[in-house]
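1. below are the sequence and a predicted model; questions follow.
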Amino acid sequence: MLRALALTLVPSLATAQEPGPLNLFITDLDKVEGTRALTGAYAACLLGAGNAEATVALFTTAGWARSDDTEMGVTELTLPGSDTFYVALYDNGAVCSVTSTATDTATARLELNGLLLVARAEATPVTGVPCPTKQINTGTTIAVTQASQDPVCDDPTNSDTRFTFSN
């Protein structure tokens, strides 16, 4: 079901990178333990490609709860049974922020790099930014930082991975 939904929502991703492997990762969106839901959330952000409703559909189909703050322009998605993962969509989905209060930045970067490798997404470093940032072949930039209002680049206890789409 999730695989079919992802393919129908984001057909343009097929030309930029391989959607098939990403579809395999989103099947883990409902896994509370370890980093499986985190990696699934990364895949869902990429498959959503900056389209808020397409991204939300991937998460809610997997059982995540949706909460909209229309005044702030934010959609938040939470994984039932987990108090360590949440996703926030800003600017109508142009930014997809995946936060884990239980995954350090080094592990988050490792998981992200593995996902990008499997998805065959060509990633190049972005220069002139304070924290390690990558740009993939779709024009999307991805930065992993500490999960806080004023993030720092590295943290041994938590992480925030921010996908910014150039729609």
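-> Ah, there it is. What you are looking at is a predicted structure, and each value in this text was computed from that prediction instead of being measured. Residues are numbered from 1 along each chain as shown.

2. for this structure, just list every one of the strands.
-> In the chain, the strands defined using DSSP state E lie at 65-69, 74-78, 85-90, 95-100, 123-125, 133-136, 141-145, 159-164.

3. any chance of those in TSV, with distance to F59 and mean neighbour count too?
-> C-beta: built from backbone N, CA, C; applies to glycine. Below are the strands of the chain laid out as TSV (distance: least, C-beta to C-beta, whole Å; neighbours: other C-beta atoms under 10 Å):
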stretch	distance to F59	mean neighbour count
strand 65-69	7	12
strand 74-78	5	19
strand 85-90	7	22
strand 95-100	10	23
strand 123-125	23	12
strand 133-136	21	18
strand 141-145	18	23
strand 159-164	14	23
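
4. and of the ones you listed, who's closest to T35?
-> Ranking these by proximity to T35 (C-beta to C-beta) places strand 95-100 first, at 7.9 Å.

5. neighbouring contacts of that closest one?
-> 35, 38, 41-42, 45, 48, 50, 55, 84-90, 108, 147, 158-165 (C-beta atoms under 8 Å, 6 or more residues apart in numbering).

6. try stretch 138-152
-> Contacts for stretch 138-152 (C-beta under 8 Å, 6+ apart): 13, 16-17, 46, 49-50, 99-101, 105, 108-109, 112, 121, 123, 126, 129, 131-136, 153-155, 158-166.

7. ditto for stretch 125-132
-> 109, 133-135, 141, 143-145, 151-153.

8. greatest separation within the residues you listed: which pair is it?
-> Among the contacts of stretch 125-132, Q135 and V152 lie farthest apart (C-beta to C-beta), at 21.2 Å.

9. what's the distance between the residue sitting nearest the centre point of the chain and E111?
-> Geometric centre of the chain, nearest residue: Y42, 3.0 Å, by C-alpha atoms, centre = their mean. Separation of Y42 from E111 (C-beta to C-beta, to the nearest Å) stands at 7 Å.

10. quick one: V74 and A88 touch, right?
-> Yes. In this structure V74 lies within contact range of A88 using C-beta atoms under 8 Å: 5.6 Å.

11. excluding sequence neighbours, find me the nearest residue to V118.
-> P21 (4.6 Å; C-beta to C-beta, 6 or more residues apart in numbering).

12. many thanks, I have nothing further to ask.
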